[in-house]
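>>> 3D, please:
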Amino acid sequence: MIEPEKPQDELARVTELHDLCVLDTLPEERFDRLTRIAQRLFGVNIALVSLIDHDRQWFKSRQGLDALQTPRNISFCGHAILSDAPLVVEDAAVDPRFSDNPLVTGPLGIRFYAGMPLQGPNGYRVGTLCLIDQKPRQFTPDDAAALRDLAAIVLDQLANKELAEAVKAAKESESRLRQITDTVPALIAYRDRDQRFIFHNKAYEEVLNMGFEQIHGRTVAELVSPQAYGPVHDKAEEVLRGCHVRYERTYITRKGEHRIYDMQYFPRYGEGADASHVIGFFSLGADITELKRIDCMKTEFISTVSHELRSPLTSIRGSLGLVAGGVAGALPEAAKSLVDIAKNNCERLIRLINDILDSEKIESGKMRLELAVVNMAQLVQQAMAAHEGFATQHGVKLVLQAPDGSLQASVDSDRLVQVVTNLLSNAVKFSPPDGTVTVNVLRVPQGVRVEVVDCGPGIPDDFRSRIFQKFSQADASDSREKGGTGLGLNISQALVHKMGGQIGFASQAGAGSTFFFEFSEWLNPEPTVQLPSCEIQPVPKRPRILICESDPDVALLISMMLEKAGFDSEMVHGAPPAQDRVLCGNFVAITVDLNLQGSASFINALRGDERTRHLPVVAISAMAGEGRLQFNQKLLTVSDWLEKPIDESRLVQSVRRAVAGSKGAKARILHVEDDPDIQSIVAAVVQDNAVFEFSATLGEARAQLRENAFDLILLDLALGEDSGWSLFEDIDKLKPRPPVIVFSASDEDPAQRKKVEAVLVKSNTSNTELLKAIQRALLIPENSGNPGLIHTNYQN
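Alright, predicted model coming up:
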């Protein structure tokens, strides 16, 4: 088979064909009438008006054929347009040009063909009027003359005056459109259903490093590599299904520059009967390379500012809290007033920084959440308790209404407390003195609903549409009079949506406002073990240890080791008897075999009961490593982990450490921190519970860990150019491994939190919260510190 060549004037020829505006149009009777006449006049099976496009022949009118188009490379008409004379093939089966053509050898079985070229208004051959039959035929000069006359009529129809004028107007309109779009730096194009470029502006030529002829009429698959085409194809398929598509794509320009474009595809629907069908799509691409660079600079700037501001603010707030608490002696009234002013404004600055950082995290998609099932009433009560002091300052009473205290939802508890705190803060600030803010926790058809109801002035009608926007204030004076950044509600909305919930409000002028959020209710509550109550026995002379061990021989061995070390003990061989005895024997510690059935529920129950919350537990098991992974998901569950077979010295050391902690002996803490001011403040806050060793570098910290044993490590992650996380290579080798609290200027990936007992952000953590976290890590009762040194925490 010989494929048809392309004429030397191919580009101009295809351009003229497209200018006729007939490609891919609906059938028209004025053309169908002529092909019917040709079919009857020459007695052939098939008569066509065939137009030769870039890579196809498309039939404007057809008689005796179902196909709308066929490939150009196997077409007879592709040969016919190479000459002004008609092309006649009386028997294709013996013609070397066509004998093995699939249109001849295939189901269509062409034998006879006669095609008269059709010349457009500018003289370019754009197609043919052709005759086809399945048996050989002779074609006389009279037949050729008749076919030429019919072809002339077809040409008149293609180039009638009205159509020519319409084409001229369309070309002028396209020229104006092209002049406009060529001045726009964005990528602008229109593609048909086959994804061929029907229109594109000059920006596409510059980005693809190609000329007009190389792009026009071609598909993206012909212009880019298969690797680059894959994602584009998927997006194009999506828009052809009627969807608006938006994505980012990187192009490499002719200068080798990597440019990032924000691409959008918009579907185009047909008209009339095709009004519900997508016939092509518009594409728009905006160059966002510079915006991306600026956004990266902004992120780096915010990260730097967060560390550079948070660390000194932590020192300032901590120092003010200590001074206000009386660590330097009683303050004169005038000085106390000045300290309070400084402390309050420090809190305002910290809130502003935290809000800006949270907003940036949400925008950049870096806000990570740790979802867990929580009791909603308890979570709300926790937020309200932390906010009680703020409400008292404003003379506002907080009231919780939770008829069903068992409602649960899967949320990030820390972030949802932040949402509740924001709503409470607004409600308190806008409520009058002696007013009441009511928080309702309700079951609704959609799940669990929390409402914060105030008795303030309500929200103006013209502000309601903007209430969740950034930096929105109903009145500019609100920010000065009430305080706030205008970011709280925007952040709250983003957090609730990110956790899968909904947030909204209802308000009436002069009658207060109700802000609410809703989450799906979690309907699979986990059963909890209730500890029995019993009469407490007199305190014995020697400290008593409860040994909870499945193997009687091992239990006896542990008892003998502890007896030798000066402890009394009592042995039980199951979780139920341990639950019966734990409150009745004045035990100072418990050893638990993790192989014991029900041991996990028993330990969790100990931690859930206020009477045994701080009772030290030493886990003794052949699977202590696996147990550590299980229980370290919950804060402060187990004091130490011992492997079987039991090492006597380690057992005695662990029990003595646990007992010493429960009796109030001071623990040893290694504080890895390069800011001497923060070192001093933390030491002052925790002085009643611990003694400190300090390391300003990772090298100093490693030396301390080699030479000394510590009960807790307090770790700053940013130490010059080093990251505190690298210290865990040394910490994880310690036996026993001390708990670690991260106390740093930046928040960390939640995945890293599994390595530590707690992560505290300096600017978010008050002296009180820091002390409580350290006490929990050391299993020290929280009321054992010096409250006079702790300042009130004003909520962010």
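
>>> Tell me which residues of the longest helix seen in the chain come out buried.
Identified as the longest helix of the chain according to DSSP state H is helix 289-325. Residues of helix 289-325 classed as buried under the neighbour-count rule (16 or more other CB atoms under 10 Å) are 302, 306, 309-311, 313-325. (C-beta placed from N, C-alpha, C; glycine too.)

>>> Distance from the helix or strand harbouring Leu423 to the middle of the chain?
Taking DSSP states H and E as the criterion, Leu423 maps to helix 413-429. The chain centroid and the centroid of helix 413-429 are separated by 23 Å under CA atoms, centre = their mean, to the nearest Å.

>>> and what of stretch 691-705?
38 Å.

>>> Quick one: residues contacting Met210.
Met210 makes contact with Leu223, according to CB atoms under 8 Å, 6 or more residues apart in numbering.

>>> distance of it from Ile188?
Distance of Met210 to Ile188, computed by CB to CB, to the nearest Å: 16 Å.

>>> Show me the shaky parts of the stretch 351-500 of the chain.
The model of the stretch 351-500 of the chain has pLDDT under 70 over residues 364, 471-485.

>>> where exactly do the helices run in it?
Taking DSSP state H, counting those that start in this stretch as the test, the helices found in the stretch 351-500 of the chain are 376-393, 413-429, 476-482, 488-498.

>>> Please identify the deepest-packed of those helices.
Compared across the helices of the stretch 351-500 of the chain, helix 413-429 shows the largest average neighbour count, a mean of 22 (mean count of other CB atoms under 10 Å).

>>> Contacts for it, please.
369-370, 372, 374, 379-380, 382-384, 386-387, 390-391, 394, 396, 398, 437, 439, 450, 452-454, 456, 482-484, 488-489, 491-492, 495-496, 499, 503, 513, 515, 517, 795-796.

>>> what pLDDT does Phe694 get?
For Phe694, the pLDDT comes out at 90.

>>> Over to the one 3 residues further on?
Thr697 is assigned a pLDDT of 89 by the prediction.

>>> what about the stretch 651-796 of the chain, any weak spots by pLDDT?
Residue ranges of the stretch 651-796 of the chain with pLDDT under 70: 659-666, 746-752, 780-796.

>>> let's see 80
Residues of the stretch 651-796 of the chain meeting the criterion pLDDT under 80: 652-654, 656-667, 687-689, 708-709, 720-722, 735-736, 745-754, 763-764, 778-796.

>>> Quick one: end-to-end length of stretch 3-16, please.
23 Å (CA to CA, to the nearest Å).

>>> Check the offset of that stretch from the chain's centre.
With CA atoms, centre = their mean as the basis, stretch 3-16 stands 51 Å off its chain's centre.

>>> Tell me the buried residues in it?
Buried residues in stretch 3-16, counting neighbours by 16+ other CB under 10 Å, are found at Pro4, Lys6, Pro7, Arg13, Val14, Thr15, Glu16.

>>> need the contact list for Tyr247.
Tyr247 sits next to Pro231, Lys235, Met263 when contact means CB under 8 Å, 6+ apart.

>>> Let me have these in CSV, extended by pLDDT and secondary structure.
Formatted as CSV, the contacts of Tyr247 follow (pLDDT from 0 to 100; DSSP: H, G, I helix; E, B strand; the rest coil):
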residue, pLDDT, secondary structure
Pro231, 82, helix
Lys235, 92, helix
Met263, 94, strand
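
>>> What separation do you get for Met560 and Ala578?
Counting by CB to CB, the gap from Met560 to Ala578 is 20 Å.

>>> How about Pro543, nearest residue that isn't a chain neighbour?
Val588 (4.5 Å; CB to CB, 6 or more residues apart in numbering).

>>> give me phi/psi at the one you found?
When read as degrees, to the nearest 10, the backbone of Val588 gives phi -100, psi -10.

>>> That's all I had, so thanks and see you.
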